[in-house]
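Student: sequence isn't available, so here's the structure alone:
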């Protein structure tokens with residue numbers, strides 16, 4: 001019985017001393033606003049697949065995306081209603097804990113927080129909770145998985 005204790009201790013250390021796989025804390029509204037270059041209500045016009053790369057750990061093929069967002073209202077940033085901005089992100093492997101990537105879907109209207117990527121031409125979501133609940137739901141949540149494919153809004157919004 002005495003000999004089993006060190007083994008149990010090692011098992012405990014092994015099970016609980018692993019790197020945390022939990023999602024980092026969400027940014028609060030103040031921090032999101034401070035760290036964002038653009039805070040706006042946007043309409044997602046289209047989403048295209050720009051790349052597919054194999055994830056080193058899972059071996060899964062992960063698409064990279066480029067979305068075209070039309071600005072509807074602005075809270076912060078050097079954009080104005082009617083402008084279009086480009087947002088990039090990469091899919092995450094299935095089974096990963098948390099929403100590490102922020103996805104945009106054609107037709108949805110949503111408040112979002114964006115930061116400029118290097119080069120200043122495209123944006124990325126500021127943090128994993130940078131996108132609010134849709135003001136208007138997407139027309140589809142099916143995104144392309146082949147380079148060169150694009151999913152576009154199927155109907156034009158009435159304004």
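Tutor: That came through, no problem. Since we're looking at a predicted model, the values are computed, not measured.
Student: excluding its backbone neighbours, what's nearest the residue most central in space within the chain?
Tutor: For the chain, residue 102 is the residue whose C-alpha lies nearest the centre (Cα atoms, centre = their mean; 1.4 Å). Spatially, and ignoring its direct neighbours in sequence, residue 102 is nearest to residue 125 (3.7 Å; Cβ to Cβ, 6 or more residues apart in numbering). Every C-beta, even on glycine, is put in place using the N, C-alpha and C of the backbone.
Student: what about that neighbour, neighbour count?
Tutor: Using other Cβ atoms under 10 Å, residue 125 has 21 other residues around it.
Student: what's the answer for residue 95, then?
Tutor: The number of residues packed near residue 95 is 7, by other Cβ under 10 Å.
Student: quick check: it is in a strand.
Tutor: No. Residue 95 is assigned coil when assessed by DSSP: H, G, I helix; E, B strand; the rest coil, not a strand.
Student: separation between the closest residue to it other than its chain neighbours and residue 28?
Tutor: Spatial nearest neighbour of residue 95, chain neighbours left out: residue 58 (7.7 Å); criterion: Cβ to Cβ, 6+ apart. Distance of residue 58 to residue 28, computed by Cβ to Cβ, to the nearest Å: 32 Å.
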